[in-house]
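*Asks:* Predicted model follows, preceded by the sequence.
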Amino acid sequence: MRPVARISISMKRTRGNLESGRIPGRMSALVYRGGGSLKVESIPVPRIGSHEVLVQVRACGVCPTDIKKIRRDLLPPPRVYGHETAGVIVRVGASVRGFHPGDRVALHHHVPCLDCHFCRRRAFAQCAGYRVTGVTAGFEPAGGGFAEYVCVKRGCLPGMVRIPKDISFAEAALLEPVNTVLKAVNLLGVVPGDHVLVVGQGPIGLLFNRLLTLRGASVSACDPLELRRRIGQRFGARRTFPTMEAIGDPVKRMTRGRGLDAVVLAAPSDEAFCQAQKLVRGGGAILVFAHTVRGNATPLDLGRVCVDEQRVLGSYSSDFTLQDEVARLVFSRTLDVRPLITHRYPLTDAAAAIDRAATPSADTLKVVVEPGLRGQ
């Protein structure tokens, strides 16, 4: 297997500009060049139009979606990835209202039109306008958070959220993944007292633990790594299991033979899906959250779907209309994301950050790139 990324540095450091407030003509950015190759290069700082905003990036989380695009060469180069972004507004277009230089903001890189066939049915991720990325560091818009500056285009201005002074940029960068999980929890429709199993205790699984617990669910968690299981308990799991085979008898006892009300697949395991069908009660639900690669066939017991009325649900990406609720959860620390942030890298080491996130150890949760950090 080839390495996730190879890094070469071909720029002069611009850290002084980060600290002085002066907007330079050029900036550092991690540029995807195809074939899994990433290069930290000097590229022009994006120019903004009258309806756009320039943001100095202070933190950008590494998302599995970025890794998938890089490893599988899904989009043509060159591009600057990174979409879990927070920073400071440094320039505002003449026609922009409500935002000013100096505002600390978290960005939302996809905003739906709210008026098309899909949006009227709240299928925002299927909206053609939503699929157009509205935050860029240059080249074809791709999020751009692995750079010193990004341009927020007009369509994405409604998704910007101001960050309170006592909240770090790294915390605010996690609004986007929290949004995706909250959207899925809403779709699942659990009620207080429901028994829910979360498969996978990485950052996303841990967010599911906490949000489901806030809804009153009794959460169990499954992960082969003991450390992850212990962390899962801190995020709300009442019981943890190393394998799904170990869950059967405990499920019967705690549900009085009924079966689980729902299973959340926060890890892309086809085997886990098949096992989930056996554990979920009639009328229960299986939420598929981590299977983001098309074309793979998975066995499905259609009799359980039809006769037992099991629901198989998919949820992908975020829900723009939840931004205010997500901000309240994170900024009030009702959902405290700080324990999730385990690794921070400067922009000069951003390719190493992506490698770390792509091949995590047990203690690796959320990896964040912070352009203002000093390199090793």
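*Replies:* Good, I have the coordinates.

*Asks:* Check the gap between Ser50 and Ser28 for me.
*Replies:* 27 Å (Cβ to Cβ, to the nearest Å). For glycine as for every other residue, the C-beta is placed from the backbone atoms N, C-alpha and C.

*Asks:* With neighbour numbers in mind, choose between the two.
*Replies:* Counting neighbours by other Cβ atoms under 10 Å for Ser50 and for Ser28 shows that Ser28 has the greater number, 29 against 10.

*Asks:* Give me the phi and psi angles of the more buried one.
*Replies:* Torsion angles at Ser28 (phi, psi; degrees, to the nearest 10) stand at phi -90, psi 140.

*Asks:* Pairing partners for it in the sheet, please.
*Replies:* As for beta bridges, Ser28 partners with Ser42 under DSSP bridges.

*Asks:* quick one: it and Val40 touch, right?
*Replies:* Yes - with contacts counted by Cβ atoms under 8 Å, Ser28 reaches Val40, the gap being 5.9 Å.

*Asks:* Helix, strand, or coil at Lys39?
*Replies:* For Lys39, the assignment made with DSSP: H, G, I helix; E, B strand; the rest coil gives strand.

*Asks:* For Ile341, see how far away it is.
*Replies:* According to Cβ to Cβ, Lys39 and Ile341 sit 26 Å apart.

*Asks:* before we move on, what about Ile23?
*Replies:* For Ile23, the distance to Ile341 - Cβ to Cβ - is 28 Å.

*Asks:* Of those two, which one has the most company?
*Replies:* For Ile23 versus Ile341, neighbours defined as other Cβ under 10 Å are more numerous around Ile341 (19 against 15).

*Asks:* what is that one paired to in the beta sheet?
*Replies:* Beta bridges link Ile341 to Lys366, judged by DSSP bridges.

*Asks:* ok, it touching Ala170?
*Replies:* Yes - taking contacts as Cβ under 8 Å, Ile341 lies within contact range of Ala170: 5.3 Å.

*Asks:* Could you tell me which residues touch both of those two?
*Replies:* Contact criterion Cβ atoms under 8 Å, 6 or more residues apart in numbering; residues shared by Ile341 and Ala170: Val368.

*Asks:* What ranges in the stretch 101-250 of the chain fall below the confidence cut-off?
*Replies:* For the stretch 101-250 of the chain, no stretch is flagged by pLDDT under 70.

*Asks:* Helices along that one, start to end?
*Replies:* Listed from the start of the chain, the stretch 101-250 of the chain has helices (DSSP state H, counting those that start in this stretch) covering 169-173, 175-188, 203-214, 226-234, 248-254.

*Asks:* Next, the buried residues of the fourth one.
*Replies:* For helix 226-234, the neighbour count (16 or more other Cβ atoms under 10 Å) marks 228-229, 231-232 as buried.

*Asks:* now do the third one
*Replies:* Residues 203-213 are the ones in helix 203-214 that count as buried (16+ other Cβ under 10 Å).

*Asks:* same thing with the last one?
*Replies:* Along helix 248-254, these residues count as buried under the neighbour rule (16+ other Cβ under 10 Å): 251, 254.

*Asks:* Which other helices and strands does it contact?
*Replies:* Secondary-structure packing of helix 248-254 (3 or more Cβ pairs under 8 Å, 6 or more residues apart in numbering; DSSP states H and E): strand 195-199, strand 218-222, strand 239-241, helix 270-279.

*Asks:* Please apply the same query to the fourth one.
*Replies:* Contact here means 3+ Cβ pairs under 8 Å, 6+ apart; on that basis helix 226-234 packs against helix 203-214, strand 218-222, strand 239-241.

*Asks:* Compare these and give me the one nearest Ala353.
*Replies:* The minimum distance between Ala353 and the helices and strands packed on helix 226-234 falls on helix 203-214, with 14.0 Å, by Cβ to Cβ.

*Asks:* I'd like to know which elements the closest one is packed against.
*Replies:* Against helix 203-214 (3+ Cβ pairs under 8 Å, 6+ apart) you get helix 175-188, strand 195-199, strand 218-222, helix 226-234, strand 260-265.

*Asks:* Out of those, indicate the one that is most buried.
*Replies:* strand 195-199 (a mean of 27; mean count of other Cβ atoms under 10 Å).

*Asks:* Please enumerate residues in contact with that strand?
*Replies:* Applying Cβ under 8 Å, 6+ apart, the contact partners of strand 195-199 are 188, 190, 205, 208-209, 212, 217-223, 232, 237, 244, 247, 251, 254-255, 260-267, 269, 272, 276, 279.

*Asks:* That strand pairs with which strands, and in what direction?
*Replies:* Strand 195-199 has the following strand partners under DSSP bridges: strand 218-222 (parallel), strand 260-265 (parallel).

*Asks:* what's the spacing between it and its chain's center?
*Replies:* On the basis of Cα atoms, centre = their mean, to the nearest Å, strand 195-199 sits 20 Å off its chain's mean C-alpha point.

*Asks:* can you check stretch 226-241 too?
*Replies:* 21 Å.

*Asks:* ok, Arg154 to Ser332 distance?
*Replies:* 30 Å.

*Asks:* okay, the two: which has more neighbours?
*Replies:* Legend: neighbour count by other Cβ under 10 Å for Arg154 and Ser332, higher for Arg154 (17 against 11).

*Asks:* quick one: the more buried one and Arg121, what's the gap?
*Replies:* 25 Å.

*Asks:* of the buried residues of helix 203-214, closest to Gly129?
*Replies:* Ile204 (25.6 Å).

*Asks:* In contact with the closest residue to that closest one other than its chain neighbours, which residues?
*Replies:* Once flanking residues are discounted, Ile204 sits nearest to Ala266: 4.8 Å by Cβ to Cβ, 6 or more residues apart in numbering. For Ala266, the contact set (Cβ under 8 Å, 6+ apart) comprises 198-202, 204-205, 208, 289-290.
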